[in-house]
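> Need a 3D model of the following:
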Amino acid sequence: MMSWWSGAFGLVLLLFKVVAKHSQTFAATLHRHYLQAADRRASQPQPEPELTETPAMPPAQSVDYTQAPPKLVLDEFITKALTSTPTELHPFFEAFRNLYTRKLWHQLTLKLYEFFDHPRSQPFRVDVFHYFVRDFESKLNQQRLVEMATKVSKEIDSQ
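As a prediction, the model looks like this:
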C-alpha cells in the first residue's frame with residue numbers, strides 16, 4: 001500500500017523534473033514576453049516619468065537578454081543601487097552584499113524574495129534580476145530561480 005508521504009514525494013520529484021526539463025523553454029518564453037512588451041512600449045507614446053529616482057542600471061529597454069549579463073562587479077552594483085534607490089531599500093542591498101560575499105545562496109534567495117515583494121522595489125526588479133541574480137543563478141535552487149524570473153517577467157509585461 002502506498003503511503004501518503006511517498007505519493008507527495010513523488011509529486012515533488014515530478015515537479016522538479018518538469019522544472020529542470022523546461023528551464024530552457026521557460027527562458028525562451030521569458031525572452032519572448034520581454035520582446036513583446038518592448039514592442040508594445042515602443043509603439044506607445046511615453047509619458048513623462050513621475051519618479052524622481054533614476055534606475056540603478058541602464059534602462060531595461062536597452063538590454064539584450066539573449067546575451068550573457070556582464071560580469072558582476074559587486075561594489076559597483078551596490079554603489080549604483082544605493083545612490084539611485086529609495087533609502088528604505090538600502091538595507092536590502094547591504095544584505096545582498098553581505099550574503100553574496102559570504103556565499104550564503106539560500107539566505108540570499110530569501111532576501112531577494114523579500115526585495116521582490118517590497119512595493120517600492122518595482123522599478124528596480126528587472127535590473128536587479130538581470131545584473132545581479134543572473135551572475136549566480138547556477139548556484140540557486142532552480143525552482144526558486146524560476147519563481148523569481150516569473151515575478152520579473154510579469155514586471156516586464158506590465159511596463
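
> Only C-alpha atoms from now on, for both contacts and neighbour counts.
Fine.

> Where does Thr150 sit, in terms of helix or strand?
According to DSSP states H and E, Thr150 maps onto helix 142-158.

> What segments of this protein are helices?
For the chain, the helices defined by DSSP state H cover 4-21, 23-43, 74-84, 90-101, 105-117, 125-131, 142-158.

> hang on, isn't Phe129 packed against Val152?
Yes - using C-alpha atoms under 8 Å, Phe129 makes contact with Val152 at a distance of 7.3 Å.

> Among the helices of the chain, show the one with the smallest mean pLDDT.
For these, mean pLDDT drops lowest on helix 4-21, to a mean of 55.

> give me the number of residues near the residue nearest to Trp105 when sequence neighbours are not counted?
Excluding the flanking residues, the one nearest Trp105 by C-alpha to C-alpha, 6 or more residues apart in numbering is Leu140, at 6.3 Å. Neighbour count for Leu140, taken as other C-alpha atoms under 10 Å: 16.

> give the contact list for Leu140.
Going by C-alpha atoms under 8 Å, 6 or more residues apart in numbering, Leu140 touches Trp105, His106, Thr109.
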